[in-house]
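**Student:** What follows is a predicted structure for the sequence shown.
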Amino acid sequence: MSKTDSATGIYFWPYDIFGYFLPGVVVLAPLTQFHTDVRAIVVARFQEASLVDIAVLCIAAYVLGHIVAAVSSWFFERAILKFSFGYPVTQQLCGYESGTWLRRTIGKGTVLHEHWPFTWFRNRFGFHWLYKLSRGFSQNCGPLFDVIPGFVHPYDDEYRKAIEKKFERLCAVEYEDWAINRRSHDLFWTIHAYSMENMPAVYRSSMHFVELYGFSRNTSMAFLIVAFYPFCPDWDTSINGSKPINMWVWLTFCGIASLVMYINFVKLLRRQNDLLLRSFVANANVDLPTKHLRATSDAENP
């Protein structure tokens, strides 16, 4: 791959800024302003005109951003997202009643009219309207669930089969149940690697989403951390005798900011996964059956 298409050459610095440095600033800035001891150190030691002092603060924010990113990756992806609704690929390739326990439980709303007691109401004079009401709710449940962060509409069965068919031809692997996390994980990263080598324009676009969702996820974690600052000893939000910021105002603002950034993170993560999967179906040059590819390889290398 040429240097122009290199992921390192294009994407290293933007993600360093958006994924690490800015979340680190969010965590560090309130400490330098409102924590008595930290503020005293900054005032006594650092000079605004000193490039060295500014560089030290930037490095501290950058390193702190890496710590925040590590915590947010574990907390938001491997804990909350994985065990609540599942990763986007699992959501897209599986039905509403597949995947994690929470997803299966909420997904029952999409087939509510097929369960008792609504099936009983269907043939009872005077109560059939309850069945129709449950059926109408089930039909509209999918679009309603899509509003929930992390709960996405599954692909159409025929479209899902198109993805599976191309993946089978690419890797000679066929699965019937993509709800198993490791399988969807392997599919996603295989397609990610394929796009890097064979679809550079798609890969560049997907990495742009990585920068955005990484910034959103890490910033969400940063605001969540900052929300607990008022409980630290020597915390003082009053400046020059002004009235301090009410703790509940601080908690509410940080909590809302964290939630908004988390919702944005989930949305961007889903769009990035969706971009790779759709591009794989549209552009992947793996139309020859796997057995034919093997036969051709054996003929070329007797």
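**Tutor:** Alright, I've got the coordinates.

**Student:** ok, now which ones touch the residue nearest to residue 266 when sequence neighbours are not counted?
**Tutor:** Nearest residue to residue 266, sequence neighbours excluded (Cβ to Cβ, 6 or more residues apart in numbering): residue 149, at 4.4 Å. (Each C-beta comes from the backbone N, C-alpha and C, glycine too.) Neighbour list for residue 149: 85, 262, 263, 266, 267 [criterion: Cβ atoms under 8 Å, 6 or more residues apart in numbering].

**Student:** Phi first, then psi, for residue 149.
**Tutor:** Here is the backbone geometry of residue 149 (degrees, to the nearest 10): phi -60, psi 130.

**Student:** and the gap between it and residue 26?
**Tutor:** Using Cβ to Cβ, to the nearest Å, we find residue 149 at a distance of 21 Å from residue 26.

**Student:** Ok, residue 167 next?
**Tutor:** 39 Å.

**Student:** before we move on, what SS does residue 173 have?
**Tutor:** Of the three states, residue 173 takes coil under DSSP: H, G, I helix; E, B strand; the rest coil.

**Student:** no wait, residue 95
**Tutor:** Residue 95 - assigned by three-state DSSP - is coil.

**Student:** How many neighbouring residues does it have?
**Tutor:** Residue 95: 18 surrounding residues under other Cβ atoms under 10 Å.

**Student:** Also residue 65?
**Tutor:** Applying other Cβ under 10 Å, we find 26 residues neighbouring residue 65.

**Student:** cool, residue 165 as well?
**Tutor:** 15.

**Student:** and it, what element?
**Tutor:** Here residue 165, judged by DSSP states H and E, is contained in helix 157-171.

**Student:** other SSEs contacting that helix?
**Tutor:** helix 88-93, helix 181-198, helix 247-283, helix 290-300 (3 or more Cβ pairs under 8 Å, 6 or more residues apart in numbering; DSSP states H and E).

**Student:** still on that earlier bit, mind checking how far the residue nearest to residue 266 is from residue 168?
**Tutor:** From residue 149 to residue 168 the distance is 32 Å (Cβ to Cβ).

**Student:** Equivalent analysis for residue 158, please.
**Tutor:** Between residue 158 and residue 168 the computed distance is 15 Å (Cβ to Cβ).

**Student:** now the helix holding residue 165 against helix 181-198, angle please.
**Tutor:** Orientation note: helix 157-171 sits at an angle of 70 degrees relative to helix 181-198 (axes from the mean of the first three to the mean of the last three Cα atoms, to 10 degrees).

**Student:** Numbering from 583 from now on, please.
**Tutor:** That works, and once the first residue is 583, the last one we named lands at helix 739-753.

**Student:** what's around the closest residue to residue 624 other than its chain neighbours, how many residues?
**Tutor:** Computed as Cβ to Cβ, 6+ apart, the closest residue to residue 624 that is not its neighbour in sequence is residue 614, at 4.8 Å. By the criterion of other Cβ under 10 Å, residue 614 has 15 neighbours.

**Student:** Let me see the contact set for residue 614.
**Tutor:** Contacts of residue 614 by Cβ under 8 Å, 6+ apart are 620, 621, 624.

**Student:** What of residue 638?
**Tutor:** Going by Cβ under 8 Å, 6+ apart, residue 638 touches residue 628.

**Student:** so it is in which element?
**Tutor:** Using DSSP H and E, residue 638 falls in helix 633-654.

**Student:** now that helix: mean pLDDT?
**Tutor:** Mean per-residue pLDDT for helix 633-654: 93.

**Student:** tilt between it and helix 829-865?
**Tutor:** On the basis of the same axes, to 10 degrees, helix 633-654 is oriented at 70 degrees to helix 829-865.

**Student:** Keeping just the C-alphas, turn helix 633-654 into CSV.
**Tutor:** What follows is helix 633-654, C-alpha atoms only, in CSV (Å, rounded to 0.1, in the frame of the first residue of the first chain):
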residue,chain,number,x,y,z
LEU,A,633,6.9,26.7,26.2
VAL,A,634,8.4,24.0,28.4
ASP,A,635,5.7,24.4,31.0
ILE,A,636,3.0,24.3,28.3
ALA,A,637,4.6,21.2,26.8
VAL,A,638,4.6,19.5,30.2
LEU,A,639,0.9,20.2,30.7
CYS,A,640,0.1,18.9,27.2
ILE,A,641,2.1,15.7,27.8
ALA,A,642,0.3,15.2,31.1
ALA,A,643,-3.1,15.6,29.4
TYR,A,644,-2.1,13.3,26.6
VAL,A,645,-0.9,10.5,29.0
LEU,A,646,-4.0,11.0,31.1
GLY,A,647,-6.1,10.7,27.9
HIS,A,648,-4.5,7.2,27.3
ILE,A,649,-5.6,6.2,30.8
VAL,A,650,-9.1,7.5,30.2
ALA,A,651,-9.2,5.6,26.9
ALA,A,652,-8.2,2.3,28.5
VAL,A,653,-10.9,2.7,31.2
SER,A,654,-13.6,3.8,28.7
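
**Student:** No further questions, thank you.
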